[in-house]
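Enquirer: have a look; sequence and predicted model below, questions after that.
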Amino acid sequence: MHKTISNTTPILSLLKINKFDLLKELYGEIIIPNAVYQEIEKGKEKPYYKDLSLIDWIKIVQIKN
């Protein structure tokens, strides 16, 4: 499987249509910057929200220059 880096839009879009697991099927592991994680965390009240830190195939990383 491939590794890929994602921004917020594809994650939120797939969560909204209940197809989030397609990312795992297509890429295996998804890497997201901490800023993306924090942005998604702002939507905890949304019905489609998932805590990405609890998903083993999502890796949250701090971006370094």
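Expert: Okay, I see it.
Enquirer: show me which helix or strand of this structure is least confident by mean pLDDT.
Expert: Lowest by mean pLDDT, DSSP states H and E among the helices and strands of the chain is strand 3-5, with a mean of 83.
Enquirer: chain center to the helix or strand just after it: distance?
Expert: Remark: after strand 3-5, the chain's next helix or strand is helix 8-16, criterion DSSP states H and E. How far helix 8-16 lies from its chain's middle: 8 Å, per C-alpha atoms, centre = their mean, to the nearest Å.
Enquirer: tell me what helix 8-16 is packed against?
Expert: helix 22-27, helix 34-41 (3 or more C-beta pairs under 8 Å, 6 or more residues apart in numbering; DSSP states H and E). The way it works is simple: take the backbone N, C-alpha and C, and place the C-beta from them, glycine included.
Enquirer: 10 Å instead?
Expert: helix 22-27, strand 29-33, helix 34-41 (3 or more C-beta pairs under 10 Å, 6 or more residues apart in numbering; DSSP states H and E).
Enquirer: quick check: mean pLDDT across the second one?
Expert: Put plainly, it is strand 29-33. In this model, strand 29-33 has a mean pLDDT of 96.
Enquirer: okay, buried residues for that strand please.
Expert: 30, 32-33 (16 or more other C-beta atoms under 10 Å).
Enquirer: ok, the residue most central in space within the chain - contacts?
Expert: For the chain, the residue nearest the mean C-alpha position is I11 (5.0 Å; C-alpha atoms, centre = their mean). Residues in contact with I11 (C-beta atoms under 10 Å, 6 or more residues apart in numbering) are 20, 23, 30, 32, 36-37, 39-40, 50, 52, 58.
Enquirer: which one of the residues you listed sits closest to T4?
Expert: I30 (6.0 Å; C-beta to C-beta).
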